[in-house]
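>>> okay, structure incoming, though there's no sequence with it:
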Ligand code: DC
């Protein structure tokens, strides 16, 4: 099939808004593939740190991208793993600190360019659910459905706190809030591909919504677009 005809659903939004939950559910509901584009930025940032490349040395960071064999394995959140050149980087990738490193390199046009085709290569039949910041605006502008999930920073910090506490991590809510705000600022204000809803995106503000209420909205959108029967 011509890759351009393979349908994509873009799910964009700030960190901690629940894109992972939404895209996993959409992938299960449609039977389509899933792209976690943030994980690619995270892997690249961590690879730079490991290689002793300064995060500000954008050309060197971008050049590292072509040396990385990145594989996503497993279907559910529990058995998902990210393998980089054969090694399991899953836990390191998910760390809050790695998200901050990723957000720093993501401001560089040369880094974004190095990851652009790599993201588009995930477009495989029967379809793709793409999770990120610029899926609908830059990477897959022809997506059949563009969803922008949003929520107030306070709500996202509290959700992240609950998630981490459940995993047994001891984290301070105020620190999380400060981190969420700092990452938002950087992602929204960067000059290239800033976090912004595509003009044709459907915005869902989940601040006061439960998970099941969000899923009902997603189900309605899938039906409206006739992406499920
Ligand atoms: O979605 P995430 O938290 O894993 O993303 C980590 C960082 O990567 C995020 O703060 C900004 C950057 N990113 C991006 O710039 N563009 C994307 N499509 C995905 C992530």
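It's in. On a predicted model such as this, the values are computed, not experimentally measured, just so you know.
>>> please count neighbours and contacts with C-alpha atoms only from this point.
OK.
>>> what about the residue nearest to residue 135 when sequence neighbours are not counted, how many residues nearby?
Excluding the flanking residues, the one nearest residue 135 by Cα to Cα, 6 or more residues apart in numbering is residue 10, at 5.3 Å. Neighbours of residue 10 under the rule other Cα atoms under 10 Å: 29.
>>> what do you get for residue 225?
Residues near residue 225, counting by other Cα under 10 Å, number 10.
>>> how much space between it and residue 173?
Distance, residue 225 to residue 173, by Cα to Cα, to the nearest Å: 39 Å.
>>> repeat for residue 39
According to Cα to Cα, residue 39 and residue 173 sit 24 Å apart.
>>> the more surrounded of those two?
The residue with more neighbours, out of residue 39 and residue 173, is residue 39; 21 against 16, by other Cα under 10 Å.
>>> now the more buried one, what's its secondary structure?
Using DSSP: H, G, I helix; E, B strand; the rest coil, the structure places residue 39 in helix.
>>> surely it touches residue 93?
Yes - contact criterion Cα atoms under 8 Å: residue 39 and residue 93 qualify, at 6.9 Å.
>>> what about residue 165, how many residues close to it?
A count of nearby residues for residue 165, using other Cα under 10 Å, gives 13.
>>> can you give me every residue that contacts it?
Listed by Cα atoms under 8 Å, 6 or more residues apart in numbering, the contact set of residue 165 reads residue 171.
>>> over to the one 3 residues further on?
Contact analysis of residue 168 by Cα under 8 Å, 6+ apart lists nothing.
>>> just the pLDDT at it, thanks.
Here the pLDDT value assigned to residue 168 is 85.
>>> that one and the ligand: what is the separation?
Going from residue 168 to the ligand by Cα to the nearest ligand atom, to the nearest Å gives 20 Å.
>>> did I read that right, that residue in a helix?
No - counting by three-state DSSP, residue 168 is not part of a helix but coil.
>>> quick check: it vs residue 144, distance?
Residue 168 sits 39 Å away from residue 144 when distances are taken as Cα to Cα.
>>> now do residue 227
Plainly put, residue 227 is 9 Å away from residue 144 if you go by Cα to Cα.
>>> and residue 174, by the same measure?
In this view, residue 174 and residue 144 are 38 Å apart by Cα to Cα.
>>> do the same with residue 127
Distance, residue 127 to residue 144, using Cα to Cα: 10 Å.
>>> the more surrounded of the two?
Legend: neighbour count by other Cα under 10 Å for residue 127 and residue 144, higher for residue 127 (20 against 14).
>>> wait, the residue nearest to residue 135 sits on residue 142?
No - applying Cα under 8 Å, one finds residue 10 not in contact with residue 142, separated by 9.4 Å.
>>> which neighbours do these two share?
Residues touching both residue 10 and residue 142 (Cα under 8 Å, 6+ apart): residue 136.
>>> list the contacts for the residue nearest in space to the middle of the chain?
Note on the chain: the residue nearest the mean C-alpha position is residue 132, at 3.3 Å, using Cα atoms, centre = their mean. The contact partners of residue 132, by Cα under 8 Å, 6+ apart, come to 10-13, 19, 36-38.
>>> now it: phi and psi?
Backbone geometry at residue 132, expressed as degrees, to the nearest 10, gives phi 180, psi -140.
>>> kindly report the same for residue 81.
The phi/psi pair for residue 81 (degrees, to the nearest 10) reads phi -140, psi 150.
>>> quick one: mean pLDDT over the helix or strand encompassing residue 44.
Here residue 44 is covered by helix 37-51, with elements defined by DSSP states H and E. Helix 37-51 shows a mean pLDDT of 98.
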